[in-house]
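Participant: Provided below are the primary sequence and the corresponding predicted coordinates.
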Amino acid sequence: MTTEAAQEKTGLGNYFVANYPPFSSWKPSYLPDARAVLDGPPAADTPLGLYLHIPFCRKRCKFCYFRVYTDKNAREVETYIDALVKEVELYSKKPIVGGRRLKYVYFGGGTPSYLSASQLRAMMDRLKAALPWEGAEEVTFECEPGTLQQHKLEALRELGVTRLSLGVENFDPKILEYNGRAHLEDEIHRAYGWARDLHFDQINIDLIAGMVGETWDNWKQCVVKTLALSPDSVTIYQMELPFNTIFSQQLKVIGQDAPFPGGGVADWPTKRAWVQYAFDEMGKAGYQVSSAYTLVKDKARCKFVYRDSLWHGADMFGTGVASFGHANGVHIQNVDSWEQYVALLDKGELPLGRALPVQDRELLIREMILQLKTGRLEAEYFRRKFGEDILEDFADGFGQLEADGFLTRRPDGVELTRDGLLQIDRQLPAFFEPQFRNTRYT
Ligand code: SF4
């Protein structure tokens, strides 16, 4: 196989860039830096958000590499919720809060909707007592359709959730099953109907292009069915095969070139064509592109405050096992084992696992590569915030993307072409500082 053909095959590993510098450079030895910023005042004009990781799922999807548990009993779930509430209480007393109100809250997972309505009510009342989120611009809650009942959605609506994100991924029962998803197609329609009737501000649907067994015909059906639901936003990821997943274990047994039982994983050009098709069809239906992954029905109304705040350098307390956050120039990640997480909180300590103080140059690069995922950069924003001219500083990187047909340079910024936006994650390492370019990402 030529190098080019090998690059286009969906091999093991991932391209997705969630943060910068790469996680592999975050170390326990930097934890004193994390503690120092948490004990100091916030930077001026920096919004604060809260991420809460709910690490339970009904079963493990075969492509999943997140820290999730499928075997915890009700007592253990209570133990975790207690620990999570304690963590938020500890953060609420830190000087870095500095009187700031939360701008956004994000319940991610795992499957936050795995919790029962009564567990959710009890947990959220305690969380709000510690760190109030009245006035937050957005409270997002991720859901797995098969875990939702009408009364649970009513509870979420009452508790102030504004943005419901439904992990649909695909509509075909066989594809859902091959990929280890726990929900069924009927459950998607039922949950969506209840959520619509309850008038959440925003409902997002997540899809994955290129799940095992995906075909052109089925993907077109997925797009038709998504449009029929008419969600406020649609987020489409391209399937990857990260290490440490059920699929990666299977590949070790059956060999990297053998198809999985249930079908293969499409190559990158096919997955990009599927995303392009979905963007085109949704565009015809009036949706607008808001990032490399997301389309929204109405840009003026459908904000994604969590994403845009993070991509513009906001602070965020990342709570829950293995969660990561950012405070005043320092990346922070929690310990990644259940036992350590619970034990540290039992002792009244924040469960910090590793950190990285980020230099100004790297903060600039971080914002630049994350904002590139929206399809454009405004040079003036970086001049004002960092005193740097990115068009001059990164002329070589932008020039290369332009030569490849992925980007257009303008006097006031850059704009990605559609082709560039479809494969932005694999282009981003070119902007990394040399010491981070060829290192492991996670
Ligand atoms: S529902 Fe999400 S977090 Fe849970 S196993 Fe599947 S991909 Fe992982």
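Facilitator: Everything's here; your move. Numbers count the residues shown, from 1 in each chain.
Participant: rest of the way, CA atoms for contacts and neighbours
Facilitator: Fine.
Participant: how much space is there between the one residue in the stretch 101-250 of the chain that gets nearest to the ligand and Gly325?
Facilitator: Nearest to the ligand in the stretch 101-250 of the chain, going by C-alpha to the nearest ligand atom, is Gly110, at a distance of 3.6 Å. Using C-alpha to C-alpha, to the nearest Å, Gly110 is found at 17 Å from Gly325.
Participant: Comparing the two, which shows the higher neighbour count?
Facilitator: For the pair Gly110 and Gly325, the greater number of neighbours falls to Gly110 (23 against 20), based on other C-alpha atoms under 10 Å.
Participant: The more buried one contacts Phe66, doesn't it?
Facilitator: Yes. Checked against C-alpha atoms under 8 Å, the pair Gly110 and Phe66 is within contact range at 7.3 Å.
Participant: near the ligand, which residues of this structure?
Facilitator: Cys57, Lys59, Arg60, Cys61, Cys64, Phe66, Gly109, Gly110, Thr111 (C-alpha under 6 Å from any ligand atom).
Participant: Skipping its backbone neighbours, what lies nearest the fifth one in space?
Facilitator: Take Cys64 and drop its neighbours on the chain: the residue closest to it by C-alpha to C-alpha, 6 or more residues apart in numbering is Thr245, 5.7 Å away.
Participant: Please read off the pLDDT at the one you found from the model.
Facilitator: What the model reports as pLDDT for Thr245 is 86.
Participant: and it, how many neighbours does it have?
Facilitator: Thr245: 18 neighbours (other C-alpha under 10 Å).
Participant: returning to what we had before: now for the residue of the stretch 101-250 of the chain closest to the ligand: which residues touch it?
Facilitator: Gly110 makes contact with His53, Ile54, Pro55, Phe56, Cys57, Phe66, Arg67, Val68, Tyr69 under the criterion C-alpha atoms under 8 Å, 6 or more residues apart in numbering.
Participant: Name the member of these that has the highest neighbour count.
Facilitator: Ile54 leads those on contacts (other C-alpha under 10 Å) with 27 neighbours.
Participant: List phi and psi for it.
Facilitator: Note on Ile54: its backbone torsions stand at phi -110, psi 100 [degrees, to the nearest 10].
Participant: which parts of the longest helix seen in the chain are buried?
Facilitator: Secondary structure of the chain per DSSP state H: the longest helix is helix 74-92. If you call a residue buried by 16 or more other C-alpha atoms under 10 Å, then helix 74-92 has these buried ones: 77, 80-92.
Participant: elements contacting the helix or strand harbouring Ser309?
Facilitator: Here Ser309 sits within helix 305-311, counting by DSSP states H and E. Helix 305-311 makes packing contacts with strand 102-109, helix 360-372 when contacts are defined by 3 or more C-alpha pairs under 8 Å, 6 or more residues apart in numbering; DSSP states H and E.
Participant: next helix or strand past the last one?
Facilitator: The first helix or strand that comes after helix 360-372 along the chain, using DSSP H and E, is strand 376-378.
Participant: strands paired with that following strand, and their directions?
Facilitator: Taking DSSP bridges as the criterion, strand 376-378 forms sheet pairs with strand 413-416 (antiparallel).
Participant: The closest residue to His183 other than its chain neighbours: what's it in contact with?
Facilitator: Spatial nearest neighbour of His183, excluding adjacent residues (C-alpha to C-alpha, 6+ apart): Gly146 at 4.7 Å. By C-alpha under 8 Å, 6+ apart, the residues touching Gly146 are Ala182, His183, Leu184, Glu187, Ile188, Ala191.
Participant: wait, isn't the third one in contact with Asn170?
Facilitator: No. Between Leu184 and Asn170 no contact is recorded; they are 9.6 Å apart, counting by C-alpha under 8 Å.
Participant: Next, show the common contact partners of the two.
Facilitator: Leu176.
Participant: Looking only at neighbour counts, state which of the two leads.
Facilitator: Asn170 (28 against 18).
Participant: any idea how far Asn204 is from the more buried one?
Facilitator: Asn170 is 14 Å from Asn204, by C-alpha to C-alpha.
Participant: Equivalent analysis for Thr70, please.
Facilitator: For Thr70, the distance to Asn204 - C-alpha to C-alpha - is 25 Å.
Participant: got a list of what the nearest residue to Asp346 once chain neighbours are set aside touches?
Facilitator: Distance criterion C-alpha to C-alpha, 6+ apart; nearest residue to Asp346, sequence neighbours excluded, is Ala83 at 7.3 Å. Neighbour list for Ala83: Tyr341, Val342, Leu345, Asp346 [criterion: C-alpha under 8 Å, 6+ apart].
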